[in-house]
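> please find the sequence and the predicted model below.
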Amino acid sequence: MLDTGIPRPAGSRSFTTRRRVRLSDMDVAGRVRLDALARFLQDAAIDDVQETGWGVPDHLWVVRAIQVDVVSQLLRDRSLELTTWCSGVAAIAAGRRWSVVGDAGGQIEVDSVWVHLGPDQRPARIGDFGPYALSAAGRPVSTKLALPDPPAGARRDRWPLRSTDIDAHGHVNNAVHWQAVEDTLLRDRDGTAPCRARLDYRDATDLDDAVELVRWEDGAARRLLALVVDDRVTAVAAVEPLPAEWGVPQRGLT
């Protein structure tokens, strides 16, 4: 289970950086979009690893699941402070947390699980977490995915890919999946409301894949979508109101 409430570690490794919000990062209301946020998170993680030098270039990581708790939307924030640290460990995986604070009061908390790959591109055991072991504090992480398969009869729409969606590993970049979330699940909702968004990555998506977006609702509160290639589900996403434990007003998704 992902946990965006894991506190920033004291006396162990964390990494803090800043990012300016640019025009291409915002929606029409000035809110920082989740796909832009995903790029910021990815860059902060890479900068963290490059600063320590741990595992470079031998370790390769692929994201398995990520949960984004939007405690307060980044609406007027134009400078972001991002702090990241290791939130848990497993034999072939690790957790990474980010805490994002904007200069106008926005706040987003993120937790994620990443699978470690060996030179053969298959999951490989991690013998030593180096500078990240202490902040994990022995917390276990699981690669088990939480979001369901799309139901039969759910709405399907074509989702065309572009060459610019492909990263250096030859697959659709993590942040591109969040573009589907923005366009499909967040387009018509109240952009100022707190929310929780989760994305489970099941398989790689390639440029030549004929991708369909499948969308459905789970009760009145949660909206879901899946990226499907020839009936193979490559990713599933969900957006719902922020859980009450955050102590913010719950106004729903619309």
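Okay, I see it.
> just give the number of residues close to V239.
Applying other CB atoms under 10 Å, we find 24 residues neighbouring V239. For the C-beta atoms, the positions are set from N, CA and C on the backbone; glycine is no exception.
> looks to me like it is in a strand.
Yes: assessed with DSSP: H, G, I helix; E, B strand; the rest coil, V239 lies in a strand.
> was I right to think it contacts A193?
No: look at V239 against A193 with CB atoms under 8 Å: they stay out of range, at 10.4 Å.
> give the buried residues for stretch 80-96.
By neighbour count on 16 or more other CB atoms under 10 Å, the buried set for stretch 80-96 is 80, 82-90, 93-96.
> do the same with stretch 189-198
For stretch 189-198, using 16+ other CB under 10 Å, the buried residues are 191, 193-198.
> can you pull the contacts of the residue lying farthest from the centre of the chain?
Here the chain reaches farthest from its C-alpha mean at G153, the gap being 27.5 Å by CA atoms, centre = their mean. With contact set as CB atoms under 8 Å, 6 or more residues apart in numbering, G153 has no partners.
> look at it and give its secondary structure.
coil.
> now for the residue nearest to E51 when sequence neighbours are not counted, how many residues are close by?
Leaving out its chain neighbours, the residue that sits closest to E51 by CB to CB, 6 or more residues apart in numbering is F15, at 6.5 Å. Counted with other CB under 10 Å, residues neighbouring F15 total 18.
> F15 contacts E81, doesn't it?
No: assessed by CB under 8 Å, F15 is found out of contact with E81, at 11.4 Å.
> just to revisit the earlier point, would you check how far apart the residue farthest from the centre of the chain and D231 are?
14 Å (CB to CB, to the nearest Å).
> circling back to that earlier point, for the residue nearest to E51, what are phi and psi?
phi -130, psi 130 (degrees, to the nearest 10).
> what does the pLDDT read for it?
The confidence metric pLDDT takes the value 97 at F15.
> what are the bridge partners for it, then?
T84 (DSSP bridges).
> contacts only, for it.
44, 47-48, 51, 83-85.
> looking at these, which is nearest P119?
Ranked by distance to P119 (CB to CB), those are led by D48 at 22.6 Å.
> and the host helix or strand of that closest one, what does it pack onto?
Per DSSP states H and E: D48 is located in helix 34-52. Counting contacts by 3 or more CB pairs under 8 Å, 6 or more residues apart in numbering; DSSP states H and E, helix 34-52 is packed against strand 15-20, strand 60-72, strand 79-89, strand 93-102, helix 174-184.
> show me what contacts the spatially most central residue of the chain?
Centroid-nearest residue in the chain, with CA atoms, centre = their mean: I66, separated by 3.8 Å. Residues counted as contacts of I66 (CB under 8 Å, 6+ apart) are 2, 38, 110-113, 174, 198-199.
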